[in-house]
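> Here is a sequence with its predicted model. Questions after.
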Amino acid sequence: MSFTFMGFIIDNNGDLRDVVTNEVKKEKFMGTDLLARLNRYRLPFEEDLAAYTPELLMEKLTQVLNLREGRVIPAADYQLTLDNTIKILAIHMRMRANIPVVIMGETGCGKTRLIEFMCDIIKQSNLSKVEDNDKGKGVNNLISLRVHGGITSQRIAETIRKAEVQADLNCGVNSDFKTIVFFDEANATSEIDLITEIMCNHTIKGRKINTSIRFIAAVNPYRKHTPEMIKRLKNAGLGYQTADSEVFDKIGEIPLRELVYRVHPLPPSLKPLIWDFGAMDNETEKRYIKLIIESKLEKDSIEKYKEGLVEVISGCQDVLRKSKDQCSFVSLRDVNRFIEVFNWFLKKMNDKFSERAEDYNKENYPDVVMATINAIGVCYYVRVSERDLYLEKVAEYFRLPFPEMTKDILSREIAATQMVLLHEMLYKAGVEFNDVAKNEALRENVFMMVVCIELGIPLFIIGHPGSSKSLAKLIVKGCLSNDNSKSSLLGCLREIHMISFQCSQQSEAEGIEKTFESAKSYISKESYISEESDRKSVRPVVVLDEIGLAEDSKKMPLKALHSLLEDDGTSGSVQVGFIGISN
């Protein structure tokens, strides 16, 4: 089977052939005597795994990973393909030999999810063999650490101690049950040398680590932006207020801000372990999009439009990926965000916006179509600079759900939805902003702030002075900080408690952390109040003004945001809203 894994088969003549083209790569690769002996052991040299269904691939996995004696129910939201089956098998073989695994790939190519899936099926198999239910409590074979620029050696040491405690518990279930420590984006931190010691020497600061622990690291590639891209980023402003010669965060003479991923160079001892994970192709991405839709949306509401919705989301991703600016980086995280926004509009907001449709030349299209347009407006449209060109290309992907779609319809409906919300906030909530010019910048800023606060999506707003950033913040704060029951649209939104922090080049991480602590303490206070009353939950929102100045601080305070903004991926796990504003 190992030959098939590498994309080759051996025919009855002993010739080595390509599994896809059937082209002979090497004649008489294997002697006929050896081939006959191996065939007696039923080694499948002519087996084409590319034709296998996910169910048959899962069967192969259970055989090689020795999971046949246990019960395994693979996660419904994971698409098992030949490519990721080969990767799981290769990782397993390295771990059996106690060789550290380092996988390198672009963001969103499926590195983290693959490790989670592999560990889950191994855990299921081991737990299914345990007759005593109490013995299996607390078992977990994957300890993940989301590495970022602000991670400390103490945090890494705590993770190893946690893994060692977990390893002792796991070995109580099965002595061969290995515990995996996964360093996600390991080269994002200056503590990469400590991670290297852990993985290569199996020690931490000289102390031996439990031998039943295995290590996997995911790293992003070291690659500079093109000169054209750097010029565009400088024009955008964020993080480029300081001259290159004065920037503190560098690798040699190269500022980290000029890298596609802000990563540190890997130590020489890790480089031989690197395995290029590759990138996700369009067809695989489509299969994942379909699975995400099926798992997160109600079947009855989107069944008619499901295939069309897959095409539209895939098209939005592909068009953005092929663009040549700073917005060309997309992943499955964008798909999950799209589905979250889509579901919010479909279930809660479509009818509220349609009540004011005629006032702004807003048409009443089917709910699924309107939710799709608005989700595009939130997740993709506002990120791009050449918006007409983007919408023109995206409109072509609407041929299944809505063949009549055009660039003009998309642009008009996105703008109309934004204007409906701005109108409600200016005139229906009792806030005095009657003399405000309702320009494009203001309606976009207000709309994005409201949607992202409601759904717990971190938002960065970057614009020239005078582009209504601060005004939008004042309007949102004024309208959502009080009772909005007299507005049917605003009445569906959370009340907010906005906490601002003024950034500067002297800002420190401690100040940002204390601002978030203040916001989280407000959650506890409001939770107590809401138990005694019918008040709707209040969401605290942290606003970092002039965040671009802190980006250039020698104390690098924004590295604290990595841990403060990360969530565990479950619904409702985001409690504090976040907005960063910069020129």
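Happy to help now that I have it.

> for residue 540, what are its contacts?
Contact analysis of residue 540 by Cβ atoms under 8 Å, 6 or more residues apart in numbering lists 496, 497, 498, 499, 519, 520, 522, 523, 575, 576, 577. (Each C-beta comes from the backbone N, C-alpha and C, glycine too.)

> what about 10 Å?
453, 496-499, 515-516, 518-523, 525-526, 575-578 (Cβ atoms under 10 Å, 6 or more residues apart in numbering).

> ok, now residue 470?
So residue 470 contacts 445, 461, 543, 545, 581 (Cβ under 10 Å, 6+ apart).

> what do you get for residue 154?
Contacts of residue 154 by Cβ under 10 Å, 6+ apart are residue 191.

> Kindly export the strand or helix carrying it (C-alpha atoms) in PDB.
Using DSSP states H and E, residue 154 sits within helix 153-173. Taking C-alpha atoms only, helix 153-173 is exported to PDB below (Å, rounded to 0.1, in the frame of the first residue of the first chain):
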ATOM      1  CA  SER A 153       7.800  30.600  27.800                       C
ATOM      2  CA  GLN A 154       5.700  30.300  30.900                       C
ATOM      3  CA  ARG A 155       2.600  29.600  28.800                       C
ATOM      4  CA  ILE A 156       4.400  27.000  26.800                       C
ATOM      5  CA  ALA A 157       5.700  25.300  30.000                       C
ATOM      6  CA  GLU A 158       2.100  25.300  31.400                       C
ATOM      7  CA  THR A 159       0.900  23.500  28.300                       C
ATOM      8  CA  ILE A 160       3.600  20.800  28.700                       C
ATOM      9  CA  ARG A 161       2.700  20.300  32.400                       C
ATOM     10  CA  LYS A 162      -1.000  20.000  31.400                       C
ATOM     11  CA  ALA A 163      -0.100  17.500  28.700                       C
ATOM     12  CA  GLU A 164       1.900  15.400  31.100                       C
ATOM     13  CA  VAL A 165      -1.000  15.200  33.600                       C
ATOM     14  CA  GLN A 166      -3.300  14.300  30.700                       C
ATOM     15  CA  ALA A 167      -0.800  11.600  29.400                       C
ATOM     16  CA  ASP A 168      -0.800   9.800  32.700                       C
ATOM     17  CA  LEU A 169      -4.600   9.700  32.600                       C
ATOM     18  CA  ASN A 170      -4.700   8.500  29.000                       C
ATOM     19  CA  CYS A 171      -2.100   5.700  29.700                       C
ATOM     20  CA  GLY A 172      -4.500   4.500  32.400                       C
ATOM     21  CA  VAL A 173      -7.000   3.700  29.600                       C
END
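
> Quick one: distance of it to the chain centre.
From the chain centre to the centre of helix 153-173 is a distance of 26 Å (Cα atoms, centre = their mean, to the nearest Å).

> Work out for me the element the residue lying closest to residue 457 once chain neighbours are set aside sits within.
Using Cβ to Cβ, 6 or more residues apart in numbering and skipping the chain neighbours, the partner closest in space to residue 457 is residue 337 (6.5 Å). Residue 337 belongs to helix 332-344 when assigned by DSSP H and E.

> Can you list the buried residues in that helix?
332, 334, 335, 336, 337, 338, 339, 340, 341, 342, 343, 344 (16 or more other Cβ atoms under 10 Å).

> show me where the stretch 301-450 of the chain has helices.
Taking DSSP state H, counting those that start in this stretch, the helices of the stretch 301-450 of the chain run over residues 306-321, 332-344, 350-354, 367-379, 387-395, 407-423, 440-455.

> measure residue 271 to residue 90 for me?
According to Cβ to Cβ, to the nearest Å, residue 271 and residue 90 sit 18 Å apart.

> before we move on, back to that, residue 102 is nearest to which of the helices of the stretch 301-450 of the chain?
Proximity to residue 102, assessed across these by Cβ to Cβ, is greatest for helix 332-344 (21.6 Å).

> That closest one - contacts with which helices or strands?
Packing partners of helix 332-344 (3 or more Cβ pairs under 10 Å, 6 or more residues apart in numbering; DSSP states H and E): helix 282-296, helix 299-302, helix 306-321, helix 367-379, helix 440-455.

> redo that, cut-off 6 Å
helix 282-296, helix 367-379 (3 or more Cβ pairs under 6 Å, 6 or more residues apart in numbering; DSSP states H and E).

> Let me have these in CSV, extended by distance to residue 418.
Below are those laid out as CSV (distance: least, Cβ to Cβ, whole Å):
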stretch, distance to residue 418
helix 282-296, 25
helix 367-379, 7
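
> Reformat those helices as TSV; add distance to residue 561 and mean pLDDT.
Compiled in TSV, the helices and strands packed on helix 332-344 are given as follows (distance: least, Cβ to Cβ, whole Å; pLDDT from 0 to 100):
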stretch	distance to residue 561	mean pLDDT
helix 282-296	26	84
helix 367-379	21	91
